[in-house]
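Student: the following comprises the amino acid sequence and a computationally predicted model.
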Amino acid sequence: MGLSLYIGNKNYSSWSMRPWVLMTQAGIAFEEIMVRFDSFEGDSDFKKRINPVSPVGKVPALVDDSFVVWDTLAIAEYLAEKFPDKQLWPQDLQARARARSICAEMHSGFGALRSACPMNIEASLPDTGRLIWRDKPTVRADLARLVTMWSELLAQHKGPMLFGNFSIADAFFAPVCMRLKTYALPVPPVVTAYIERVSAAPGVQAWISGALAENDFREFEEPYRNRPPAAWG
């Protein structure tokens, strides 16, 4: 049967984006199964579809024949072990440990940025971003940490990605790049250039194209916009 990846709406689902982009960028074949967000209540269509697949009732979920892996970091590790020839982690021991460290930091941290700036690839919200930047010091602190992290890694490994070639680390931070573009948060040129390189990576471009093609306005995912014209589904 091969690999199947259950994901949510590409415009909004930052968690789904990470393994999808990683697999696409690496050339790992998989079947995409999109589980449309309607709500996250127990009786929602989303829960009815994903609960039989994943014991936590969330996306993403990777199914390898009948074996299920959930959680983005666990999925990334599983893929790295299943496809060692793809070199999804850096090959150097210390670089690999550092990449795992920053992925774990992304996985559990940056709560202020996540909360204030939910991923919304289709939207352009620079005015909202200016207000967030002005009013939320915790977002400024999260972004300062990102700028320091990315700048140091790009300088150390000489780019174009955080550890040279595209790796799990870049896939993990791709949704953050989308957020920074949507809200136009201020970053130095070296970070802007990295965001553009990530955005131009074929796997990321494919995800962005899919997000823009959805035209699926989910009101509960939209804290800053009103519902667009009725032409949207």
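Tutor: Sure, I can see it. Numbering: from 1, shown residues only.
Student: for stretch 59-76, measure first residue to last.
Tutor: 14 Å (Cα to Cα, to the nearest Å).
Student: again with stretch 32-50
Tutor: 14 Å.
Student: now do the strands in the protein.
Tutor: 3-7, 31-34, 61-64, 67-70 (DSSP state E).
Student: ok, Val53 to Ile33 distance?
Tutor: Counting by Cβ to Cβ, to the nearest Å, the gap between Val53 and Ile33 amounts to 8 Å. All C-beta atoms are positioned from the backbone trio N, CA, C, and that covers glycine.
Student: which residues do those two both contact?
Tutor: Common neighbours of Val53 and Ile33, counting by Cβ atoms under 8 Å, 6 or more residues apart in numbering, are Tyr6.
Student: contacting residues for Leu153?
Tutor: By Cβ under 8 Å, 6+ apart, Leu153 lies in contact with 98, 102, 162-163.
Student: Leu3 and Glu32 touch, don't they?
Tutor: No: contact criterion Cβ atoms under 8 Å: Leu3 and Glu32 do not qualify, at 10.1 Å.
Student: the more surrounded of these two?
Tutor: Leu3 (18 against 14; other Cβ atoms under 10 Å).
Student: what are the bridge partners for that one, then?
Tutor: Asp64 (DSSP bridges).
Student: for Pro186, the count of nearby residues, please.
Tutor: 13.
Student: next, give phi and psi for it.
Tutor: Backbone torsions of Pro186, given as degrees, to the nearest 10, read phi -80, psi 130.
Student: do Asn11 as well
Tutor: phi -70, psi -30.
Student: what about it, neighbour count?
Tutor: 26.
Student: of the strands of the chain, which is nearest Glu196?
Tutor: strand 3-7 (24.4 Å; Cβ to Cβ).
Student: the contacts of Leu153 in helices, which ones?
Tutor: Using DSSP state H, the subset of the contacts of Leu153 located in helices is 98, 102.
Student: most neighbours among the contacts of Leu153, which one?
Tutor: Going by other Cβ under 10 Å, Leu162 tops these with 27 neighbours.
Student: correct me if wrong: it contacts Phe173.
Tutor: Yes: contact criterion Cβ under 8 Å: Leu162 and Phe173 qualify, at 7.3 Å.
Student: which neighbours do those two have in common?
Tutor: With Cβ under 8 Å, 6+ apart, Leu162 and Phe173 have common neighbours 102, 150.
Student: gap between the longest helix along the chain and the chain center?
Tutor: Longest helix of the chain, by residue count under DSSP H: helix 137-157. In terms of Cα atoms, centre = their mean, to the nearest Å, the centre of helix 137-157 is set 17 Å apart from its chain centre.
Student: go on, stretch 212-224?
Tutor: Taking mean C-alpha positions (Cα atoms, centre = their mean), stretch 212-224 and its chain are 16 Å apart.
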